[in-house]
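S.K.: Show me the folded form of this:
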Amino acid sequence: METLTFDSADLAATEDFLSRAYARMRIGSSTPEATRTRIRRSAIAPVSVDELALDFEMSYSVTPLGRVCLCVVHEGTVRDHGFPGVENDTFGPGDVVLFAPPDLPYSGRIHHARYTITMLDPALLAQVAAGPDGSGPVRLTGHRPRSAVAARQLGHAIGHLRDHVLCDPGTADQPLIAATAGQYLAASVLNAFPNTALSEPTATDRRDAHPEMLRRALAYIDDHAGQPVTVADIAAAAHVTARALQYAFRRHLDTTPLAHLRRVRLAHAHHDLVAAHPGGGETVTSIAARWGFHHPGRFAALYRNTYRRTPHATLSDG
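M.R.: You can find the predicted model right below:
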C-alpha cells in the first residue's frame, strides 16, 4: 500500500507535485500570496483515493491522465470545467463526476474546495463487464452519473474503499483484498455512469451458456480461489464472453460468478478457522483478509448465515 502527503503554500511546488502525482499540468492563482494545498493519498495497485483541500482559487490545465479519474466534491466548487466535447461545467458539494475520459486533456478552476479524487486503471472496467464485441475495452460515455441515486451509491463505494480498505495497510496489502476492492469500485463506476458495456447476452452468448462451459468455469474458480480472479479471467478459462458467463451462472445456478467465488473463498476461510490452533497467532481478521474479506463485520454476518455460528466461535474450538 502506498501513502503520500503534501502540504505547501508554494504554487510552483504544488504544480510540480500535482504533475508528478497525476499528469503534467499547469496551474495558476489570482491570489499567489495565499495558496495552501493539502493532499493525502492512499493507494493499492489498481486504485488510489486522494483527499485534497485548496484554500484558494486555482486554475488547472491537465494533460490526459490515462486513468479513470472521479471527483467527489465536499466543500467549495469546481467551475468552468471542460474537455473536448464538454464545456464550462460546474459542480459543487455532493456532486460526483468523471473529470475526463482517460485519453483527453481537461481544464477548469477550483474555488476554495475540499474534494476527493479517485483514480483507477481503465482495464478494471473490462474485468467486470464485456465491451460491445464481448471483450476489449469498456468506455464511459458520460461524465455525469445516470441519476442522483447512482451518484450517491458511487460516493458510498468510494467512502467504503477509503474508510474500510485503505485505512489499514495490513489489510489493504493482501492480494485478494486489492483485487476485490478494484473490482468492487469498477462495478460501482459502471453502475453509475453510462458506458459501452453490454449487460444483456447476445444469441451467441445464450448458445454458449451450456453446462459444460459452466463446469469449466466452476473448475477454474475452485483451482484459483486463492488468487486474484476477475470475471474476465473466468470467462477466458471457459472460452466464452463475460456476458455468456454471467448468463450461464444466472440461468443454471441463480447466482453470479463473483458471488460463487465469494462462497468458495468463504469455505476456505471456514477450513482455516477450523484448522487454526487457539493462541497460535491466527485471528478471524487475518484469516478473513487472506481470503479477500476486508470488512470484519460483513464477513462475520456472511459466515454466521452460512455456518450458523460466529467465526470467533469456530476459531476458539479449533
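S.K.: mind checking how far the closest residue to Leu166 other than its chain neighbours is from Tyr303?
M.R.: Nearest residue to Leu166 in three dimensions, chain neighbours excluded: Ser42, at 3.8 Å (Cβ to Cβ, 6 or more residues apart in numbering). Just so you know, the C-beta spots here come from the backbone N, C-alpha and C atoms, and that holds for glycine as well. To Tyr303, Ser42 is 27 Å away according to Cβ to Cβ, to the nearest Å.
S.K.: quick one: which of the two has more around it?
M.R.: A count of neighbours by other Cβ atoms under 10 Å puts Tyr303 above the other of Ser42 and Tyr303, at 23 against 20.
S.K.: residues in contact with the more buried one?
M.R.: Each residue near Tyr303 by Cβ atoms under 8 Å, 6 or more residues apart in numbering is listed here: 266, 269-270, 310-311, 314.
S.K.: Just confirm Arg139 contacts Asp103, I think it does.
M.R.: No. Arg139 sits out of contact with Asp103 when judged by Cβ atoms under 8 Å, with a separation of 9.3 Å.
S.K.: of the two, who's got more company?
M.R.: Ranked by neighbour count (other Cβ under 10 Å), Arg139 and Asp103 place Arg139 first, with 19 against 11.
S.K.: Leaving out chain neighbours, which residue sits closest to the more buried one?
M.R.: Spatial nearest neighbour of Arg139, chain neighbours left out: Thr196 (4.9 Å); criterion: Cβ to Cβ, 6+ apart.
S.K.: Now for Glu2, how many residues are close by?
M.R.: The tally of other residues near Glu2 (other Cβ under 10 Å) stands at 12.
S.K.: what is it paired to in the beta sheet?
M.R.: Per DSSP bridges, the residues bridged to Glu2 are Ala43.
S.K.: Can we start the residue count at 19 from this point?
M.R.: Yep, numbering from 19; the last one is Glu20 now.
S.K.: That one against Arg59, yeah?
M.R.: Yes. The criterion here is Cβ under 8 Å, and Glu20 meets it with Arg59 at 7.1 Å.
S.K.: Which neighbours do those two have in common?
M.R.: By Cβ under 8 Å, 6+ apart, Glu20 and Arg59 have these common neighbours: Ser66.
S.K.: To which secondary structure element is Met137 assigned?
M.R.: Taking DSSP states H and E as the definition, one finds Met137 inside strand 124-138.
S.K.: Neighbouring strands of that strand in the sheet, and parallel or not?
M.R.: When DSSP bridges is applied, strand 124-138 pairs with strand 65-72 (antiparallel), strand 75-80 (antiparallel), strand 86-101 (antiparallel).
S.K.: Report the buried residues of it.
M.R.: By 16 or more other Cβ atoms under 10 Å, the buried positions in strand 124-138 come out as 124, 126-128, 131, 133-138.
S.K.: Now for those residues: which two are most distant?
M.R.: Using Cβ to Cβ, the two most remote members of these are Arg127 and Leu138, lying 25.1 Å apart.
S.K.: Gln145: neighbour count?
M.R.: By other Cβ under 10 Å, 22 other residues sit near Gln145.
S.K.: next one: Pro193
M.R.: Residues lying near Pro193 (other Cβ under 10 Å) number 14.
S.K.: and the closest residue to it other than its chain neighbours, what helix or strand is that in?
M.R.: Spatial nearest neighbour of Pro193, chain neighbours left out: Pro246 (5.6 Å); criterion: Cβ to Cβ, 6+ apart. Pro246 is part of no helix or strand when elements are defined by DSSP H and E.
S.K.: Please name the residues that touch Pro246.
M.R.: Remark: with contacts taken as Cβ under 8 Å, 6+ apart, Pro246 is in contact with 193-194, 196-197.
S.K.: Tell me what the residue lying closest to Gly46 once chain neighbours are set aside is bridged to.
M.R.: In this structure, Gly46 finds its nearest non-sequential neighbour in Ser77, 4.6 Å apart by Cβ to Cβ, 6+ apart. Beta bridges link Ser77 to Gly46, Arg127 when assigned by DSSP bridges.
S.K.: residues contacting Ser77?
M.R.: Here Ser77 is in contact with 45-47, 125-127 (Cβ under 8 Å, 6+ apart).
S.K.: which residues touch Asp25?
M.R.: Asp25 neighbours (Cβ under 8 Å, 6+ apart): 54-57.
S.K.: Of the buried residues of strand 124-138, which is the nearest to Leu279?
M.R.: Nearest to Leu279, judged by Cβ to Cβ, of the buried residues of strand 124-138 is Leu138 at 20.2 Å.
S.K.: Nothing else from me, thank you.
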